[in-house]
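Trainee: Next input, structure requested:
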Amino acid sequence: MSNKNPTNNKPNNLTYAAAGVDIDMGNTMIENIKPYIRSTKRVGADAEIGGFGGLFDLKAAGFTDPILVAANDGVGTKLKIAIEIGIHNTVGIDLVAMCVNDLIVQGAEPLFFLDYFATGKLDATQGAEIVSGIAIGCQQANAALIGGETAEMPGMYANGDYDLAGFAVGAVERNSLLPSKDLTEGDVILGLSSSGVHSNGFSLVRQIVKQSGLKWNDPAPFNPKINLGEALLTPTRIYVKSLLPIIQNYKGIKALAHITGGGFPENIPRILPLLFVLKLIFLLLMCRQYFHGLPKKVKYKKQKCYEHSIVVLVWLLL
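Mentor: You can find the predicted model right below:
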């Protein structure tokens, strides 16, 4: 009995490349990023890739009774600005910052980092630019980039779009974990300023810019020396090298709060004991600086600045 289905007689010409996945492009990107990855080498990790998993030697790093602290995060819609103006070498710094700043506020030294880069169509040059920023962030945090994943997924993203996720692991000696339990009335509160809007609240920022009629290549209202897009892409400040020596050598720091999504109302209570009330008096908000000069037609609630990391990134309780 003959097979009457003509499709069964046709050779299958489908390939991975025909489906939209360019393995050669992926291999090219891997070769391009190897120098960036090696630049993050530190004690405990050789920053070489190619194995099934990254390795880290806690003993070589000098820990005796460590607790591991892990964090993961993304960059959010700040990526839309990077994509629209074609600057990709700063968002990797943001990616590292959003993760390692969550580690340092618990007293943990960042040890290693892994990234996830997803796009609809892989561009090796663009990908290498992104990883170069990740490497800079890892250098600033003294964290080894020990692995990652590049996912080319046709049909999942609009042309040119991509997304990033980061994963950081740090360690702290058991008796140095923050916050401590001895917060008391009269403790001194200090705030460390941010480098800008950081990586939270960009859905609101983008709407404000849209409502104002400004373009990314217009002079920034708060800093006319550079254009608006570049100003808003200022990388999130990484506080590891500023804070870690103080945490390790000065035992007076009781708690640290990383001010990100949710701002002061949602992040500061995470470090406070139950029923502990904290009063903050704000004399000046950077929020005023960053939205100064916008057309009067732009309407935004100033109290929303408290809900994003526009003002202060880290609070220290001493």
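Trainee: In a strand, Ala165, correct?
Mentor: Yes: per DSSP: H, G, I helix; E, B strand; the rest coil, Ala165 lies within a strand segment.
Trainee: Surely Ser195 is in a helix?
Mentor: No: per three-state DSSP, Ser195 lies outside any helix segment and is coil.
Trainee: what sits against it?
Mentor: Thr234, Pro235, Thr236, Arg237 (CB atoms under 8 Å, 6 or more residues apart in numbering). For glycine as for every other residue, the C-beta is placed from the backbone atoms N, C-alpha and C.
Trainee: same thing with Lys215?
Mentor: Taking CB under 8 Å, 6+ apart, one finds Leu228 in contact with Lys215.
Trainee: residue ranges of the strands in the stretch 151-300 of the chain, please?
Mentor: Listed in chain order, the strands of the stretch 151-300 of the chain (DSSP state E, counting those that start in this stretch) span 162-173, 189-193, 219-220, 223-227, 255-258.
Trainee: Can you show me the CA trace of stretch 159-167 as PDB?
Mentor: This file holds the C-alpha atoms of stretch 159-167, laid out as PDB (Å, rounded to 0.1, in the frame of the first residue of the first chain):
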ATOM      1  CA  ASN A 159      13.600  43.300  16.800                       C
ATOM      2  CA  GLY A 160      16.500  44.800  18.700                       C
ATOM      3  CA  ASP A 161      15.100  44.200  22.100                       C
ATOM      4  CA  TYR A 162      16.800  42.200  24.900                       C
ATOM      5  CA  ASP A 163      16.500  41.600  28.600                       C
ATOM      6  CA  LEU A 164      19.100  41.000  31.300                       C
ATOM      7  CA  ALA A 165      19.100  39.200  34.600                       C
ATOM      8  CA  GLY A 166      21.900  38.900  37.100                       C
ATOM      9  CA  PHE A 167      22.700  36.600  40.000                       C
END
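Trainee: Report the mean per-residue pLDDT for it.
Mentor: On average, the pLDDT along stretch 159-167 is 96.
Trainee: Over to stretch 250-257?
Mentor: Stretch 250-257 shows a mean pLDDT of 81.
Trainee: Compile the contacts of Ser195 into CSV and extend it with columns for distance to Asp65 and neighbour count.
Mentor: Listed next are the contacts of Ser195 as CSV, based on distance: CB to CB, whole Å; neighbours: other CB atoms under 10 Å:
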residue, distance to Asp65, neighbour count
Thr234, 39, 18
Pro235, 34, 23
Thr236, 31, 28
Arg237, 31, 20
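Trainee: Out of the residues you listed, which comes closest to Ile189?
Mentor: Of all those, Arg237 has the smallest distance to Ile189: 19.0 Å, by CB to CB.
Trainee: Could I get the contacts of Ser195 in a markdown table, plus columns for pLDDT and distance to Glu84?
Mentor: Supplementary listing: the contacts of Ser195 in a markdown table, determined by pLDDT from 0 to 100; distance: CB to CB, whole Å:
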| residue | pLDDT | distance to Glu84 |
| --- | --- | --- |
| Thr234 | 93 | 16 |
| Pro235 | 95 | 17 |
| Thr236 | 93 | 19 |
| Arg237 | 93 | 23 |
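Trainee: now Val75: how far from Thr150?
Mentor: Val75 sits 16 Å away from Thr150, going by CB to CB, to the nearest Å.
Trainee: Neighbour count for the two, which is higher?
Mentor: Neighbours per residue (other CB atoms under 10 Å) separate Val75 from Thr150, with Val75 holding more: 25 against 20.
Trainee: Next, Pro110: secondary structure please.
Mentor: Secondary structure, three-state DSSP: Pro110 is strand.
Trainee: So it sits against Val172, correct?
Mentor: No: using CB atoms under 8 Å, Pro110 is not in contact with Val172, being 10.5 Å away.
Trainee: contacting residues around Pro66?
Mentor: Taking CB under 8 Å, 6+ apart, we find Pro66 in contact with Leu58, Ala171, Val172, Glu173, Arg174.
Trainee: same thing but at 10 Å, please
Mentor: If a contact means CB atoms under 10 Å, 6 or more residues apart in numbering, then Pro66 has Leu58, Lys59, Ala108, Glu109, Leu111, Gly170, Ala171, Val172, Glu173, Arg174, Ser176, Leu177 as its contacts.
Trainee: Phi, psi for it please.
Mentor: phi -80, psi 150 (degrees, to the nearest 10).
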